[in-house]
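Undergrad: I would like the atomic coordinates for the input below:
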Amino acid sequence: MSYSSDLAHLWKSQGFRRLTRVRVVSQAGDGAFQFGIATAFFFSPENATTPEDIAIGFAVLFAPFTLIGPFVGPFIDRWHRQRIVLAGNLVRLGMVGMIVGAVVVGAPRISLYALALATLSVNRFLLAALSAGIPQVVDPEDLLAANAIMPTLGTIAAALGGAVGGVVAFVVPGVSDDHKALLALGAAGAGFGLSSWAATALSKRALGPVRLLQADVVVKEAAHVLMELRDGYRHLRQRATPFHALGVMAAARLLYGLMFVASILISRNVLDDPSDPQGAIGKFAIVVGFAAIGFGLAAVVTPAFAHRVERHDWVIVCLLLGGVGQTLLAVSSAPWALLSAAVIVSFAVQGGKIAVDTIVQRDTDDAYRGRAFALYDVAYNTAFITAAGIGALVLPANGYSHAVMAALVVAYLVFAFAYSRAPREPRLPADTETSPPR
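TA: The predicted structure follows:
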């Protein structure tokens, strides 16, 4: 069935409709929250954004997904997931209020980082609980379609939430520049509150778990996560193709992250007057919009080429295309170069990621697939944090360096060549000490 027909079929399920409403509103709040935090961190009038600031900000934004993500499973099996969603959004609403208060009183920036980190950590639990609850509201034969549709709707909602946060911040008259972030955060708080209210339409047991884990089991399961991830890593290395695919995905994500950091600084310091951060937000929003076009094109074009180009080759094509897009930015930091690079590189990175997703799903044994994607999540987000750290070391204050941009072009070509030498067929894993699935 098509995407629209799958959605129409699933929408007949009352449980799916209610869960979708909760997730869409919650992630719309996420988008507004991220816009507000980005405004406070990177575009506030009283702060000059530096590569070091961005490195810290990205660590705050992505650390929960990197450090907490692999360990949430046992805990969402310990408590009723509907209660996690309901209470978690109320907790986030309270934290948003604390962040607004911290901004108003001019609290030290470290307090903003700490509160944002706590809010995003709660969000990681909510997303895991919402995903784990899907099998409880759809029939088994509809699970694949639901798993494809729900994250897509959530991503769209997050983008729209960010747009709403921006509109609220810049359309409401009479608001000083240093309070625009507060309006976006207020919109986020409204989203969190509405999501918590929407969760009341679900019964306490609607999202599972069927059986609650005992507290001592939760502790043991959490402690066992590292061993499980180690076994998953061994399996991926033995299979070869998913291991190399994850590696090249992380490499491409790192290169994209460096360009993203540079784009923030260029928008702030090159394309606009550094003393006018609110104008810089508008410039950066346009860059993000062009990047979204690239992501969208990749989602359309990659499946269309699925029967013509083998996944391994498509990853190589995307890496080479990323090098082409990066070349434009190595030549110039003018708006035409930045926007063109945003479209091309975003297309390349997302197109390669879609192919990597398929390789990992196809070539990983089902018993290890969950651990494979847990490692995927860690690698994906660690690469972005690493990119921010490298950017703090190599990028100038204005974000633009011909040498750094040229080095990224070379890196794309090197990674494309290296991946062309990687195995194309998975190896059967030999008998090892890896533990069986639990």
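Undergrad: the residue positioned nearest the centre of the chain: which element?
TA: Taking C-alpha atoms, centre = their mean, the centroid of the chain lies closest to residue 381, which sits 7.4 Å from it. Residue 381 belongs to helix 366-394 when assigned by DSSP states H and E.
Undergrad: what's that helix packed up against?
TA: Counting contacts by 3 or more C-beta pairs under 8 Å, 6 or more residues apart in numbering; DSSP states H and E, helix 366-394 packs against helix 51-63, helix 215-239, helix 241-269, helix 335-363. Placement of C-beta: from N, CA and C, glycine included.
Undergrad: quick one: the ones you listed as TSV, columns for distance to residue 290 and mean neighbour count too.
TA: As requested, these are exported to TSV (distance: least, C-beta to C-beta, whole Å; neighbours: other C-beta atoms under 10 Å):
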stretch	distance to residue 290	mean neighbour count
helix 51-63	20	20
helix 215-239	34	16
helix 241-269	10	24
helix 335-363	4	22
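Undergrad: pLDDT averaged over stretch 315-326 - what is it?
TA: Mean pLDDT, stretch 315-326: 97.
Undergrad: stretch 331-350 now?
TA: Mean predicted confidence for stretch 331-350 is 94.
Undergrad: ok now it, how far from the chain's centre?
TA: Put simply, stretch 331-350 sits 20 Å off its chain's centre (C-alpha atoms, centre = their mean, to the nearest Å).
Undergrad: do the same with stretch 225-244
TA: On the basis of C-alpha atoms, centre = their mean, stretch 225-244 sits 22 Å off its chain's mean C-alpha point.
Undergrad: how long is stretch 193-205 end to end?
TA: One end of stretch 193-205 sits 21 Å from the other (C-alpha to C-alpha, to the nearest Å).
Undergrad: how about that stretch: buried residues?
TA: Residues 193, 194, 195, 196, 198, 199, 202 are the ones in stretch 193-205 that count as buried (16 or more other C-beta atoms under 10 Å).
Undergrad: ok, residues contacting it?
TA: Around stretch 193-205, the neighbours that count as contacts under C-beta atoms under 8 Å, 6 or more residues apart in numbering are 15, 18-19, 21-22, 25-26, 29, 80, 82-83, 85-87, 89-90, 93.
Undergrad: now with 7 Å, please.
TA: Residues outside stretch 193-205 that contact it (C-beta atoms under 7 Å, 6 or more residues apart in numbering) are 18-19, 21-22, 25-26, 29, 80, 82-83, 85-86, 89-90, 93.
Undergrad: between these, which is nearest residue 363?
TA: Lowest distance from residue 363 to these (C-beta to C-beta) belongs to residue 19, with 30.9 Å.
Undergrad: who's in contact with residue 426?
TA: Going by C-beta under 7 Å, 6+ apart, the list of residues near residue 426 reads 239, 240, 241, 363.
Undergrad: which non-adjacent residue is nearest it?
TA: Closest residue to residue 426 apart from its sequence neighbours, by C-beta to C-beta, 6 or more residues apart in numbering: residue 363 at 4.1 Å.
Undergrad: confidence score at that neighbour?
TA: What the model reports as pLDDT for residue 363 is 88.
Undergrad: ok, it to residue 239 distance?
TA: Note on residue 363: its distance to residue 239, by C-beta to C-beta, to the nearest Å, is 6 Å.
Undergrad: same deal with residue 82?
TA: When C-beta to C-beta is the yardstick, residue 82 and residue 239 sit 37 Å from each other.
Undergrad: check contacts around the residue nearest to the centre of the chain.
TA: Residue 381 touches 62, 65, 66, counting by C-beta under 7 Å, 6+ apart.
Undergrad: now residue 320
TA: residue 416.
Undergrad: can you name the helix or strand that it falls in?
TA: helix 311-331.
Undergrad: dump the buried residues of stretch 193-205 into CSV; add secondary structure and distance to residue 35 as well.
TA: Formatted as CSV, the buried residues of stretch 193-205 follow (DSSP: H, G, I helix; E, B strand; the rest coil; distance: C-beta to C-beta, whole Å):
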residue, secondary structure, distance to residue 35
193, helix, 17
194, helix, 17
195, helix, 17
196, helix, 20
198, helix, 21
199, helix, 23
202, coil, 28
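Undergrad: and which of those is nearest to residue 249?
TA: Using C-beta to C-beta, residue 195 is the member of the buried residues of stretch 193-205 that lies nearest residue 249, at 30.7 Å.
Undergrad: beyond the worst-scoring helix or strand of the chain on mean pLDDT, next helix or strand please.
TA: When each helix and strand of the chain is scored by mean pLDDT, DSSP states H and E, helix 72-76 comes last, with a mean of 70. Going down the chain from helix 72-76, the next helix or strand is helix 81-104, by DSSP H and E.
Undergrad: after that following helix, next one along is what?
TA: helix 109-132.
Undergrad: show residues contacting that following helix.
TA: Applying C-beta under 7 Å, 6+ apart, the set of residues contacting helix 109-132 is 19, 22-23, 26, 30, 33, 37, 40, 56, 60-61, 63-65, 68-69, 72, 75-76, 81, 84-85, 88-89, 91-92, 95-96, 98-99, 102, 207-208.
Undergrad: swap in stretch 260-273?
TA: Stretch 260-273 is contacted by residues 42-43, 49, 51, 54, 274, 277, 279-280, 283-284, 287, 333, 335, 338, 387-388, 391, 395, 397-400 when judged by C-beta under 7 Å, 6+ apart.
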